[in-house]
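Chemist: Show me the folded form of this:
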Amino acid sequence: METCNLKKEEPWIDIVKWIACMLVLLGHFFQSMVKSGIMQQTALYDWFEHTIYLFHVPLFFICSGYLYQHHSVVNNFRQWGNNVLKKLWVLGVPYFAFTIVSYLMKVIFQGEVNAVNENSLVTTLLFQPMSPYWYLYILFFLFLITPTLRNKKQTIWITIIAICCFFFQKIKVLKDIYVLQGIAKWELWFLGGMLFCFFRKKEKQKMKYVLISVLLIPMTLLGYNKVMSTTVCVIYELIGGMLGCMAIICFSLKIQERIPKKLILFSRRNTLPVFLMHTIFAAGIRSILLKLGVTSAALHIAFGISGSLILPIIAVAIMRKSKWMYFWIQPDCLFVKNKKETDEL
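Modeler: Residues are numbered from 1 along each chain as shown. Next up is the predicted model:
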């Protein structure tokens with residue numbers, strides 16, 4: 001049970017990550033529009049934000065866990081050490097670089113960005129990561145504590161521990177320490193991706209999973225503005241997350257053979273840059289429009305969303321021309337031998 005016997009190319013993962021990235025972009029963008037007073041907070045906005053936050057980040061952790069189990073074997077101290085150093089390098093460089101840039105943006109453009117950061121830069125980097133870079137921060141710690149699955153007994157114990165942690169994520173001792181609550185909340189989704197690596201069947205996607213996932217809509221319509229107890233809230237988030245992830249994964253598996261390879265490669269190359277840079281460009285565009293006296297919500301939405309998507313893609317295309325620029329997104333580019341290998345990162 002040490003590795004997955006799966007094809008090297010699995011386009012559905014790139015589709016899932018791209019969809020999740022677009023949902024993260026939209027979620028952050030509309031949050032900033034409401035907080036800056038450009039757009040009113042409506043029932044539709046509340047429902048949309050509530051719904052996508054149930055599953056867009058879990059999708060990222062599922063994909064990360066799936067790829068971790070698929071490509072890695074971490075079952076002894078040497079393998080663990082090598083994996084930790086690799087993840088510290090690959091995740092740490094973009095985490096520190098883009099957190100610093102985003103932090104400075106919040107300081108320079110206070111009142112025009114999503115939210116003002118009240119912590120110091122050191123505290124932000126080491127203990128209270130900002131959005132969206134907290135994902136890289138928590139992901140590193142998940143790699144730090146999670147071995148790859150090798151047998152049924154180990155898998156059962158890890159699953160039990162992950163479930164217990166998920167249901168106790170809101171207790172005070174965990175809530176007071178960011179990294180502990182992050183591990184408790186996201187380990188189950190990360191492990192879910194690892195388990196999916198073993199149990200995904202190659203047969204056609206069954207319609208029953210698609211039909212079950214549709215229950216997400218009535219569930220969120222009934223629950224998006226309700227006050228819930230801690231236990232009910234955790235269960236609600238778990239079920240909602242599972243339904244949303246099921247819908248996106250089923251959809252991606254269904255269409256993967258119909259998507260041109262060039263489009264798959266495009267999403268693979270640009271998902272991380274868009275994820276890392278969308279808030280920076282969105283804040284910059286919003287600040288420029290406000291300084292020009294533009295307060296129309298329609299114009300802010302048009303320029304903000306398109307710029308948050310297109311400008312990171314343009315930026316990374318320029319950065320790829322130099323390994324030392326591209327290094328801040330993909331540190332491993334320093335070790336590739338030719339442009340073709342760089343383009344595939």
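
Chemist: Now stretch 90-101: buried residues?
Modeler: 90-91, 93-95, 97-99 (16 or more other C-beta atoms under 10 Å). For every residue, glycine as well, the C-beta is placed using N, CA and C.

Chemist: Measure how buried residue 317 is and give me the count.
Modeler: For residue 317, the count of nearby residues is 12 (other C-beta atoms under 10 Å).

Chemist: Name the SS class of it, please.
Modeler: Under DSSP: H, G, I helix; E, B strand; the rest coil, residue 317 falls in the helix class.

Chemist: can you check residue 228 too?
Modeler: Per three-state DSSP, residue 228 ends up coil.

Chemist: Quick check: chain neighbours aside, which residue is closest to it?
Modeler: Among residues not flanking residue 228 along the chain, residue 236 sits closest, at 6.2 Å (C-beta to C-beta, 6 or more residues apart in numbering).

Chemist: mind listing the helices for the stretch 1-150 of the chain?
Modeler: 11-35, 43-71, 77-108, 121-126, 134-145 (DSSP state H, counting those that start in this stretch).

Chemist: wait, I meant the stretch 201-345 of the chain
Modeler: So, for the stretch 201-345 of the chain - with DSSP H, counting those that start in this stretch - the helices run 207-213, 216-223, 230-255, 261-291, 297-319, 323-326, 339-344.

Chemist: Now stretch 134-148: average pLDDT?
Modeler: The pLDDT scores in stretch 134-148 average 97.

Chemist: cool, stretch 321-332 as well?
Modeler: Stretch 321-332 shows a mean pLDDT of 93.

Chemist: got it, and stretch 44-56?
Modeler: For stretch 44-56, the mean confidence score works out to 97.

Chemist: Show me what counts as buried in it.
Modeler: Neighbour-count burial for stretch 44-56 flags 47-56 (criterion: 16+ other C-beta under 10 Å).

Chemist: if we can go back for a sec, nearest approach to residue 195 belongs to which of the helices of the stretch 1-150 of the chain?
Modeler: Residue 195 lies closest, by C-beta to C-beta, to one member of the helices of the stretch 1-150 of the chain: helix 43-71, at 8.0 Å.

Chemist: and the closest one, how far from the chain's centre?
Modeler: 7 Å (C-alpha atoms, centre = their mean, to the nearest Å).

Chemist: Can you spell out which helices and strands pack onto it?
Modeler: Helix 43-71 sits against helix 11-35, helix 134-145, helix 178-199, helix 216-223, helix 230-255, with contacts defined as 3 or more C-beta pairs under 8 Å, 6 or more residues apart in numbering; DSSP states H and E.

Chemist: rerun at 10 Å
Modeler: Helices and strands touching helix 43-71, by 3 or more C-beta pairs under 10 Å, 6 or more residues apart in numbering; DSSP states H and E, are helix 11-35, helix 134-145, helix 178-199, helix 216-223, helix 230-255, helix 261-291.

Chemist: Can I get those helices in TSV including mean neighbour count?
Modeler: Below are the helices and strands packed on helix 43-71 laid out as TSV (neighbours: other C-beta atoms under 10 Å):
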stretch	mean neighbour count
helix 11-35	21
helix 134-145	19
helix 178-199	20
helix 216-223	15
helix 230-255	18
helix 261-291	19
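
Chemist: Mind putting the ones you listed into a markdown table with distance to residue 164?
Modeler: Below are the helices and strands packed on helix 43-71 laid out as a markdown table (distance: least, C-beta to C-beta, whole Å):
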| stretch | distance to residue 164 |
| --- | --- |
| helix 11-35 | 26 |
| helix 134-145 | 14 |
| helix 178-199 | 9 |
| helix 216-223 | 24 |
| helix 230-255 | 12 |
| helix 261-291 | 30 |
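
Chemist: between the ones you listed, which one is nearest to residue 210?
Modeler: Closest approach to residue 210 among the helices and strands packed on helix 43-71 is made by helix 230-255 (5.1 Å; C-beta to C-beta).

Chemist: tilt between the closest one and helix 178-199?
Modeler: Following axes from the mean of the first three to the mean of the last three C-alpha atoms, to 10 degrees, one obtains 40 degrees for the angle between helix 230-255 and helix 178-199.

Chemist: Now do helix 230-255: which elements does it pack against?
Modeler: Packed next to helix 230-255, using 3+ C-beta pairs under 10 Å, 6+ apart, are helix 11-35, helix 43-71, helix 152-167, helix 178-199, helix 207-213, helix 216-223.

Chemist: dump the residue contacts of the residue nearest to residue 228.
Modeler: Contact analysis of residue 236 by C-beta atoms under 10 Å, 6 or more residues apart in numbering lists 54, 219-220, 223, 226, 228-229.

Chemist: Residue 183 too?
Modeler: Here residue 183 is in contact with 138, 141-142, 144-146, 162, 165, 169, 174, 177, 190 (C-beta under 10 Å, 6+ apart).

Chemist: mind checking how far it is from residue 301?
Modeler: Distance of residue 183 to residue 301, computed by C-beta to C-beta, to the nearest Å: 36 Å.

Chemist: what's the answer for residue 194, then?
Modeler: On the measure of C-beta to C-beta, residue 194 and residue 301 end up 38 Å apart.
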